[in-house]
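Trainee: how does the following fold in three dimensions:
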Amino acid sequence: MGLTIKANTFLTQRYLTVAAEGIVYCETGGGKRKFRFEQIFCVCMSSDNVLSFQVGQEVFTLKVKPHKRKHQEVISSLLRELAETLPAARR
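Mentor: Numbering: from 1, shown residues only. Purely as a prediction, here's the structure:
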């Protein structure tokens, strides 16, 4: 079990879970996808609070509320885990 951000709208359900072994991203219509931290190439946060991450040629997005404590914990955990898996040359 990990930390989870849920970002549901009227038409779409999305969530991101960060656990020790990697992340789980789920989106209505796209299904549940699991990724190891080593697979994540890039993580970005837009000015309108959309968290994006890239795996291969795919980019996944999730609207977050950075003022919410739980969202802060998930984002911090994701970045911490990614930093630990980076080879020294990419740090």
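
Trainee: please, where are all the strands along this structure?
Mentor: Counting by DSSP state E, the chain has strands at residues 3-6, 14-19, 22-27, 31-35, 40-45, 50-55, 58-63.

Trainee: of these, which is nearest E73?
Mentor: With C-beta to C-beta as the measure, strand 3-6 is the member of the strands of the chain nearest E73 (5.6 Å). Every residue, glycine included, has its C-beta placed from N, CA and C.

Trainee: beta-bridge partners for F53, please?
Mentor: Assessed by DSSP bridges, F53 has beta-bridge partners V43, F60.

Trainee: can you add mean pLDDT and give the strands of the chain back as CSV?
Mentor: Below are the strands of the chain laid out as CSV (pLDDT from 0 to 100):
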stretch, mean pLDDT
strand 3-6, 94
strand 14-19, 95
strand 22-27, 95
strand 31-35, 94
strand 40-45, 94
strand 50-55, 97
strand 58-63, 95
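
Trainee: for these, which one sits closest to L79?
Mentor: Across the strands of the chain, closest to L79 is strand 40-45 (C-beta to C-beta), at 6.8 Å.

Trainee: and the strands of the chain: which comes nearest A83?
Mentor: Nearest to A83, of the strands of the chain and by C-beta to C-beta, is strand 40-45 at 10.4 Å.

Trainee: dump the strands of the chain to JSON lines, plus mean neighbour count.
Mentor: Below are the strands of the chain laid out as JSON lines (neighbours: other C-beta atoms under 10 Å):
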{"stretch": "strand 3-6", "mean neighbour count": "17"}
{"stretch": "strand 14-19", "mean neighbour count": "19"}
{"stretch": "strand 22-27", "mean neighbour count": "19"}
{"stretch": "strand 31-35", "mean neighbour count": "12"}
{"stretch": "strand 40-45", "mean neighbour count": "13"}
{"stretch": "strand 50-55", "mean neighbour count": "16"}
{"stretch": "strand 58-63", "mean neighbour count": "16"}
